[in-house]
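Colleague: Pasting a predicted model and its sequence here:
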Amino acid sequence: MWKTMSTCNGSDVILTVVIPTYNEADNIGSMLDSVRRVLESNGIECFEIIVVDDDSPDGTHRVAEEKAKEDPRIRVIVRRKERGLAKAVLEGFRNARGEYIAVMDADFQHPPELLPVLLRRAIEDRADIVVASRYSKGGGVEGWSRTRLFMSRFSSILARLLVPRSGRTSDPMSGFFLVRRSALNLDCLRPRGYKILLEILARSGDVRVIDVPYVFRRRRSGSSKLGPGVMLDYILHLMNLSIIAKFMLVGGSGALVNLGVMKMALEYGVLVDISSILGIETSIIWNYILHEKFTFRYNFMGRLKGSLYRLLGYHYTSIAGSVTTYGVMRILYTLINLNPIIAQAIGILTGFMVNYKSSRRLVWRMEVCRGNTRD
Ligand SMILES: Nc1nc2c(ncn2[C@@H]2O[C@H](COP(=O)(O)OP(=O)(O)OP(=O)(O)O)[C@@H](O)[C@H]2O)c(=O)[nH]1
Ligand SMILES: [Mg+2]
């Protein structure tokens, strides 16, 4: 089934294994040996291993470079200017030649024996992404504290809520996975922090994802790089990927603009109805600008060509929400004589959901990034 090393050239490489490292000098040598042994004993000879090291002070790359002298299938990339796990993996992707690319840690928490299984499943099930999952049946974690278990679970739930596409696997935070190279569009990936798989899942369209269970072992040697900053990075990454969260942020700011303009108009003695409509119109323009520049900046293309058309389209899709806002305000103001600003605020809340559904569907099309996103 697999090609042997003697018949293997660049275009025949079936698998690239990307191993990001930072201070893993005690692990990387035996890790490289294990990966080679496991792949070869499964008849996979035509592979490459790319170690991406961020110039670790403990000399990890020198250990890896020694191994690379023994085996031309091993390559070492040293990044001297930047640090960061996800970006290191992306650098590995850029240099990979394999038909499939696997990503795994250097510290033996990801069992190398699973690599052939991931590859076989990808081929047999025609999957674009195979995730080694701690959370599918048969998977698990070894020796985690309650806090770490909780944090991991909590992070997955948050991902599922904010980035629904992450729900295509039971373990979107996994650092151990395999992806078909042609399913990746590297120009579309803008990872930050730790979670490269989440980034791939969020920015790819119709990809076939399957899970293979595994047990996340204890780190063999060296120390963890997980720090408090990782969680903050994660939340910021999620916010950046989450259309829902961005929509709520823009909607929230638009609501404040709406109420602010209405209040000002009322203070200038403008009639309640006109003030309400002025508030609504200003917030439509405000929201439109923010959605263009922020919410739908990446991955999304204008369904309507040209920003003027999208502005008109956005007005069109805002009709139901605006009528709801104005109607609710009018009823509350007339019937129970509620303060018009409070009445308008309740109207905005009611109108929000209507707007979310329609403008997403009609004005901005959720489109798979094709590498032509605006930066
Ligand atoms: N190139 C690069 N690799 C990194 C960086 N941070 C972590 N890594 C590597 O990424 C892998 C995962 O990092 P770990 O610190 O083991 O994270 P973890 O497995 O979630 O945490 P532990 O269970 O504590 O080990 C390891 O191979 C690290 O050496 C980084 O900034 N740059
Ligand atoms: Mg680790």
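Modeller: Done, it's in. Residues are numbered from 1 along each chain as shown. Ligands and ions are numbered 1, 2, ... in the order given.
Colleague: Quick check on residue 228: phi, psi?
Modeller: Here is the backbone geometry of residue 228 (degrees, to the nearest 10): phi -60, psi -30.
Colleague: and the gap between it and ligand 2?
Modeller: Separation of residue 228 from ligand 2 (Cβ to the ion, to the nearest Å) stands at 17 Å. All C-beta spots, glycine's among them, are computed from the backbone N, C-alpha and C.
Colleague: Just the pLDDT for that residue.
Modeller: Note on residue 228: pLDDT of 74.
Colleague: Renumber starting at 194 from here on
Modeller: New numbering, starting at 194: the last item is residue 421.
Colleague: what number of residues lie near it?
Modeller: When counting by other Cβ atoms under 10 Å, one arrives at 7 neighbours for residue 421.
Colleague: again with the one 5 residues further on
Modeller: A count of neighbours around residue 426, defined by other Cβ under 10 Å, yields 19.
Colleague: Where does the spatially closest residue to it that is not a sequence neighbour sit: helix, strand or coil?
Modeller: Once flanking residues are discounted, residue 426 sits nearest to residue 386: 3.2 Å by Cβ to Cβ, 6 or more residues apart in numbering. Classification of residue 386 using DSSP: H, G, I helix; E, B strand; the rest coil returns coil.
Colleague: got a list of what residue 386 touches?
Modeller: 277, 278, 279, 423, 426, 427, 429, 430 (Cβ atoms under 8 Å, 6 or more residues apart in numbering).
Colleague: Kindly reformat these as a markdown table containing distance to residue 449 and secondary structure.
Modeller: Converted to a markdown table, the contacts of residue 386 look like this (distance: Cβ to Cβ, whole Å; DSSP: H, G, I helix; E, B strand; the rest coil):
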| residue | distance to residue 449 | secondary structure |
| --- | --- | --- |
| 277 | 35 | coil |
| 278 | 37 | helix |
| 279 | 34 | helix |
| 423 | 32 | helix |
| 426 | 28 | helix |
| 427 | 28 | helix |
| 429 | 22 | helix |
| 430 | 26 | helix |
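Colleague: now, which of those sits nearest ligand 1?
Modeller: Nearest to ligand 1 among these: residue 278, at 4.0 Å, using Cβ to the nearest ligand atom.
Colleague: what separates residue 295 from residue 379, distance-wise?
Modeller: Distance, residue 295 to residue 379, by Cβ to Cβ, to the nearest Å: 16 Å.
Colleague: With neighbour numbers in mind, choose between these two.
Modeller: residue 295 (28 against 12).
Colleague: Please save the CA atoms from the helix or strand harbouring residue 476 in PDB.
Modeller: Residue 476 is part of helix 465-483 when elements are defined by DSSP states H and E. Extracted in PDB, the C-alpha atoms of helix 465-483 (Å, rounded to 0.1, in the frame of the first residue of the first chain):
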ATOM      1  CA  VAL A 465     -41.000  60.900  20.000                       C
ATOM      2  CA  ASP A 466     -41.800  59.100  16.700                       C
ATOM      3  CA  ILE A 467     -39.200  61.000  14.700                       C
ATOM      4  CA  SER A 468     -36.600  60.600  17.500                       C
ATOM      5  CA  SER A 469     -37.200  56.900  17.600                       C
ATOM      6  CA  ILE A 470     -36.800  56.600  13.800                       C
ATOM      7  CA  LEU A 471     -33.600  58.800  13.800                       C
ATOM      8  CA  GLY A 472     -32.200  56.500  16.500                       C
ATOM      9  CA  ILE A 473     -33.000  53.400  14.500                       C
ATOM     10  CA  GLU A 474     -31.600  54.800  11.200                       C
ATOM     11  CA  THR A 475     -28.300  55.900  12.800                       C
ATOM     12  CA  SER A 476     -27.900  52.500  14.400                       C
ATOM     13  CA  ILE A 477     -28.500  50.700  11.100                       C
ATOM     14  CA  ILE A 478     -25.700  52.700   9.500                       C
ATOM     15  CA  TRP A 479     -23.500  52.200  12.500                       C
ATOM     16  CA  ASN A 480     -24.100  48.400  12.600                       C
ATOM     17  CA  TYR A 481     -23.600  48.200   8.900                       C
ATOM     18  CA  ILE A 482     -20.200  49.800   9.000                       C
ATOM     19  CA  LEU A 483     -19.100  47.600  11.900                       C
END
